[in-house]
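> whatever this is, show me its structure:
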Amino acid sequence: MQLSTDLFDYTLPDRLIAQTPAARRDASRLMVVDRASRSVEHCVFADLPRFLRAGDTLFRNDAAVLPARLHANRPTGGAVECLLLRPDSTPDEPDREIWWCLVRPGKKLPVGATFSHGDDFTGTVLAKDAEGAARIGFKTTHGESITDVANRLGDVPLPPYIERADPNAARPRDIERYQTVYADRARQVAVAAPTAGLHFTPELLAQLPALGVNTADVTLHVGLGTFKPIMTDNINDHPIHREIYEMCVATQQALRTPSGRRIAVGTTTVRTVEDHLAKHAAPLPHSVADEAALYIYPPRTFAGVDVLITNFHQPRSTLLCLVSAFLTPGSTDGIDWLRELYAEAIEREYRFFSYGDAMLIL
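Now for the predicted structure:
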């Protein structure tokens, strides 16, 4: 079945694109959608425990965001922006740390070009791929890794729709808020936040044990592909991005022997869970490291997700495809319903995208 990309388009007033997070994480608004009764309730995220049941498990993506945007200069003095994407899995230069990056201005940084930031680090362009990413060899001068340097000097790689008049002034807040409170800070493997999790507070999480609600973590290395719009006429022709994920034994078991509903916090968790269950009929006796290349769109059924917590997503995005599929599993009816829900959210002036409000689909 071919589905037109226009079905996943909508018009959003610029004023509803959240430029800053809510004053308090769980003060974000929450649209609660009950699929069984086809009803909608408007709440705040702090109300979430009211919709949870004993035995439920929240499956979360605990990937931490690296402040991966580094600023440097070419030998001529020209400014360079380097975004760390992922470490090279086959480094062949033991005296340099190798990463795949996006660099700007790309045309002025051919293979062999160098750039540096004071005496903190030097980068050399070793190769480029067909999609424009550059393989960079880094040398640091203080015994640090390049991730140490990024944590000290780097900017949070905010999505392009979030604008900052003074990035330096906003950096402390973005470093804190563009990160979930349960992120594993030792695993800075994401270049974009799993944004549905940004609404949780330590206080909200502390309520879960008394409610009989469990948590289980996955780690999906969120990449820039999550922001890539669908550019083809039909969604079926879009080349879906790939992302690495990891899942421990306990989470594998919790997926297959649930004591209640399996609640996915975010589309990255859905992608991880559904990819894993499609590949493995039973839990493995060890942690899994795999690559998700799963494209979820209507009509589709879901093997491991009963409830979804998600943000409001960009027009013509693969994330809209996933959410519409989840609204009415096994049919395409969720496309029109999602358009109705988004129209209501716009009318009620919900805040959209990464720093915006949330939706709970029961």
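
> can we go C-alpha only for contacts and neighbour counts from here?
Noted.

> centroid residue for this structure?
The chain has residue 194 as the residue nearest its centroid, 3.5 Å off, counting by CA atoms, centre = their mean.

> what sits against that one?
Residue 194 makes contact with 61, 63, 180, 222, 266-268, according to CA atoms under 8 Å, 6 or more residues apart in numbering.

> can you redo these as JSON lines with pLDDT?
Shown next, in JSON lines, are these (pLDDT from 0 to 100):
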{"residue": "61", "pLDDT": "98"}
{"residue": "63", "pLDDT": "95"}
{"residue": "180", "pLDDT": "98"}
{"residue": "222", "pLDDT": "91"}
{"residue": "266", "pLDDT": "97"}
{"residue": "267", "pLDDT": "97"}
{"residue": "268", "pLDDT": "96"}
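
> of those, which pair is most distant in space?
Greatest spatial distance in the contacts of residue 194: 180 and 267, 14.7 Å, computed using CA to CA.

> between the contacts of residue 194, which is closest to residue 117?
Nearest to residue 117 out of those is residue 222 (CA to CA; 26.6 Å).

> isn't residue 87 right next to residue 100, touching?
Yes. At 6.1 Å, residue 87 counts as touching residue 100 under the criterion of CA atoms under 8 Å.

> tell me which of the two has more neighbours.
The neighbour comparison of residue 87 against residue 100 (other CA atoms under 10 Å) goes to residue 100, with 23 against 17.

> who does that one form a beta bridge with?
In this entry, residue 100 is beta-bridged to residue 86, residue 135, by DSSP bridges.

> residue 317 is in contact with residue 227, correct?
Yes. Contact criterion CA under 8 Å: residue 227 and residue 317 qualify, at 7.5 Å.

> and the contacts of the host helix or strand of residue 274?
For residue 274, the host element (DSSP states H and E) is helix 267-279. Applying CA under 8 Å, 6+ apart, the set of residues contacting helix 267-279 from outside is 59-61, 194, 218, 220, 222, 245, 255, 264, 292-294, 296, 302-305, 310, 319, 322-323.

> tell me which residues of that helix are tucked away?
267-277 (16 or more other CA atoms under 10 Å).

> now the element after that helix, going C-ward?
Using DSSP H and E, the helix or strand that follows helix 267-279 in sequence is strand 288-292.

> now the angle from the helix or strand just after that following strand to helix 267-279?
Per DSSP H and E, strand 288-292 leads on to strand 307-311 as the next helix or strand towards the C-terminus. Between strand 307-311 and helix 267-279, the angle comes out at 140 degrees (axes from the mean of the first three to the mean of the last three CA atoms, to 10 degrees).

> other residues contacting strand 307-311?
Outside of strand 307-311, the residues within contact range by CA under 8 Å, 6+ apart are 195-196, 261-267, 352-354, 356-362.

> any of the residues you listed buried? List them.
195-196, 261-267, 352-354, 356-362.

> those residues in helices, which ones?
Assignment to helices by DSSP state H places the following of these there: residue 267.
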